[in-house]
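Visitor: following is a predicted model, sequence given first.
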Amino acid sequence: MNRIRWSAVTKALLVTTVFTLTGTVSAQEVSSVTRSLFDGVSLHGWSIENDCDVDVVDGCMRLKAGDGWLRSHHTYRDFELHLEWKALQGAAYDAGIYIRSSKDGKPFPKPAYQVNLLQGKEGNIGTLPGAESTGLVKSGEWNAFDLKVVGDTVALQINGKPAYSVGGLQQRDGYIGFQVEVPKGGQFLLRNIQLKELGYKSLFNGKDLAGWEGEGGDIKSCWSVEEGLLVCSGQKGPWLRSVSEYGDFDLRLEYRLSTGGNSGVYVRVPKDGNHHRENDKLPAAGFEVQILDDAAPQHLKLKDYQYSASIYDIAGANPRVSRVPGEWNTIEINCHGGRVTTWHNGYQVTDVNSTESPLLALRSVSGFLGLQNHSTVVKFRDIRIGPAIELPAKVVKP
């Protein structure tokens, strides 16, 4: 799979997590971010894989038809997952919940750990000895699962009662997903899907601009918090800079653009926000990950590195998977030494390192984060940061 190897530092996450230049998180202060994985009205944050159909009915996610699976945009290592499910087929129902799953495989992901929703084996993981229980599921009713996955251990509670806690997980990182196996096992409903990302720290509290400051003007002239969202009005004013500096990290956030919108995420920039550097005679600089309404008429003839999720000046996003203005997009930026990778709406779109890119080699490996004011309305939410993910070595095609 694409993303299952972490560094030795990351493997010691629950002992001590270090991902800023200004401090550490001790075992007593392990950071976490709790967020909903399903908004009750759309499949935002999910990708449908293979030949299946999933929709939303009365605030519930419905596994509707076909054989395939629903994949989260992000991979997850250590987490707590709560969800509620109901089988719509009275007997011989079958589906599953994937944890630490690969993106590969058809119709279902492989390798992956499947928490079963097969009648009589609900909650069991067939490939993991000891991950089994009986008698805790309410037939024909809603059932609640609470999964905790930390290190090589997975624990499950069913309807508030302990089912098992076992070790032996080999895959260290992967997607969360739902198996759609309707021809064999019928339709399912899912609701109240909540995830706690262990090891991640929120950079936006949804209430105020704490942790951020304006560079070059009054922060309130163009930045505000509205209904839990971080909003840039596009009016004249400063860009937003993080109070802390960061070196290696994994940054995840969501953004929503207005028509024709333009913005960006500054990465490892100096205090003045410089993100351009063409030779070593120029001042130090970080880089920008672009945010753009890719389909706007005025943006049709840009350079490849100017489209959303591209590393500006350095690497163009491929494929381009931007949502239309008004819809939410997910973006992820992973910085590990001289290697930078971005994901956009669930797809890896760049992967570049300072060895192969002279321009990236000129950029700093630590600095501030920033959100750009480019004179258009843009909104952000769920901004969080965790330890850098050490990815498998790139495969170089002959």
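Guide: That came in fine, so what should we check first?

Visitor: CA atoms for contacts and neighbours, from now on please.
Guide: Will do.

Visitor: ramachandran angles for T376?
Guide: phi -130, psi 160 (degrees, to the nearest 10).

Visitor: report the separation between it and D293.
Guide: As judged by CA to CA, to the nearest Å, T376 and D293 stand 11 Å apart.

Visitor: show me where the stretch 51-200 of the chain has helices.
Guide: Applying DSSP state H, counting those that start in this stretch to the stretch 51-200 of the chain gives helices spanning 182-185.

Visitor: residues touching the residue lying closest to V150 once chain neighbours are set aside, list them.
Guide: Nearest residue to V150 in three dimensions, chain neighbours excluded: D78, at 4.7 Å (CA to CA, 6 or more residues apart in numbering). Contact partners of D78, counting by CA atoms under 8 Å, 6 or more residues apart in numbering, are 148-151, 197-199.

Visitor: any idea how far R62 is from D78?
Guide: For D78, the distance to R62 equals 26 Å [CA to CA].

Visitor: ok so, going back, more neighbours, T376 and D293?
Guide: Taking other CA atoms under 10 Å, T376 and D293 do not tie; D293 has more neighbours (23 against 18).

Visitor: list the contacts of the more buried one.
Guide: 257-262, 299, 308, 322, 324-325.

Visitor: dihedrals phi and psi, it?
Guide: Main-chain dihedrals, D293, degrees, to the nearest 10: phi -80, psi 90.

Visitor: now do the contacts for the residue sitting nearest the centre point of the chain.
Guide: Nearest to the mean C-alpha position of the chain, by CA atoms, centre = their mean, lies H74 at 3.5 Å. Taking CA under 8 Å, 6+ apart, we find H74 in contact with 175, 346.

Visitor: change the start of the numbering to 29 and stick with it
Guide: With the count now opening at 29, the last piece we talked about shows up as H102.

Visitor: would you tell me which strand is longest in this protein?
Guide: strand 88-104 (DSSP state E).

Visitor: just how off-centre is stretch 118-125 within its chain?
Guide: Stretch 118-125 has its C-alpha centroid displaced from the chain centroid by 28 Å (CA atoms, centre = their mean, to the nearest Å).

Visitor: same check on stretch 362-376?
Guide: Distance, centroid of stretch 362-376 to centroid of chain: 11 Å (CA atoms, centre = their mean).

Visitor: now the strands for the stretch 79-228 of the chain?
Guide: Assigned by DSSP state E, counting those that start in this stretch, the stretch 79-228 of the chain shows strands spanning 88-104, 107-115, 124-129, 141-144, 171-178, 181-186, 189-195, 202-209, 216-226.

Visitor: buried residues in the third one?
Guide: Yep, that's strand 124-129 we're talking about. By neighbour count on 16 or more other CA atoms under 10 Å, the buried set for strand 124-129 is 124-129.

Visitor: between all of those, which two are separated the most?
Guide: G124 and R128 (13.2 Å; CA to CA).

Visitor: ok, C363 to S394 distance?
Guide: Distance, C363 to S394, by CA to CA: 10 Å.

Visitor: between those two, which one's more packed in?
Guide: Ranked by neighbour count (other CA under 10 Å), C363 and S394 place C363 first, with 25 against 21.

Visitor: list the residues that contact that one.
Guide: Residues in contact with C363 (CA under 8 Å, 6+ apart) are 275-278, 369, 416-417.

Visitor: which of the residues you listed fall in helices?
Guide: Using DSSP state H, no member of the contacts of C363 falls within helices.

Visitor: rebuild the residues you listed as TSV, extending it with neighbour count.
Guide: What follows is those, written out as TSV (neighbours: other CA atoms under 10 Å):
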residue	neighbour count
G275	22
D276	24
F277	23
D278	22
T369	22
A416	22
I417	21
